[in-house]
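Trainee: got a predicted structure plus its sequence, pasted below:
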Amino acid sequence: MTISDGVLPIEMAHGFTLDAQQAKDIGSLLSEDYAQAQPFPHAVIDDIFPTAFTQLLLDHFPQDPKAHDKVYEKGYGGTHKRQISPYDCDETLRAAFALFNSAPMLQFIEALTGMKGLLPDPYFAGGGLHETSAGGLL
């Protein structure tokens, strides 16, 4: 498989969309590698998202502190880590979070892992943007 075969074809013309059948097909293509990975099933997929999509998300990453930021200097939540709620993000990033919680994205993960009936996380429990600064740990 080439790298371009593994890229999820996210359409960006009117928000972000992902074709469910294409997503499932790509997940199925990668499922054997996932299942046979050692020491346990896992996937490393370089460049899974189109470059234009990831650049757009980076361009919209909040630089200034937000109202509901969680900052961990040391401890269970991480070291030198900032967690930004999706609710404090702009429309572009909220659309990306909606895509990550969408049925086509879950269908990709289900086809990849063989796990059926996955559920999204509409409450973003622990979800959102995570930024770890120099010397930080997750």
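Mentor: Structure's in. What do you need?
Trainee: for the one helix or strand Glu110 maps to, buried residues please.
Mentor: If you go by DSSP states H and E, Glu110 is part of helix 103-113. The neighbour-count criterion (16 or more other Cβ atoms under 10 Å) identifies Pro104, Met105, Leu106, Gln107, Phe108, Glu110, Ala111, Leu112, Thr113 as the buried residues of helix 103-113. No exception for glycine: its C-beta is placed from N, CA and C like everyone else's.
Trainee: next one: stretch 127-138
Mentor: Quick answer for stretch 127-138 (16+ other Cβ under 10 Å): Gly127, Gly128, Leu129, Glu131.
Trainee: what bridges to the last one?
Mentor: Here Glu131 sits in beta bridges with Arg82, going by DSSP bridges.
Trainee: quick revisit: dump the helix holding Glu110 to PDB, restricted to CA.
Mentor: Output in PDB follows, covering the C-alpha atoms of helix 103-113 (Å, rounded to 0.1, in the frame of the first residue of the first chain):
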ATOM      1  CA  ALA A 103     -20.300   8.100  11.700                       C
ATOM      2  CA  PRO A 104     -17.800   7.800   8.700                       C
ATOM      3  CA  MET A 105     -14.800   8.300  11.100                       C
ATOM      4  CA  LEU A 106     -16.200   5.700  13.500                       C
ATOM      5  CA  GLN A 107     -16.800   3.300  10.500                       C
ATOM      6  CA  PHE A 108     -13.100   3.800   9.500                       C
ATOM      7  CA  ILE A 109     -12.000   2.900  13.000                       C
ATOM      8  CA  GLU A 110     -14.400  -0.100  13.100                       C
ATOM      9  CA  ALA A 111     -13.100  -1.400   9.800                       C
ATOM     10  CA  LEU A 112      -9.500  -0.900  10.900                       C
ATOM     11  CA  THR A 113      -9.900  -2.600  14.300                       C
END
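Trainee: which elements pack onto it?
Mentor: Other elements packing on helix 103-113 under the criterion 3 or more Cβ pairs under 8 Å, 6 or more residues apart in numbering; DSSP states H and E are strand 17-18, helix 20-36.
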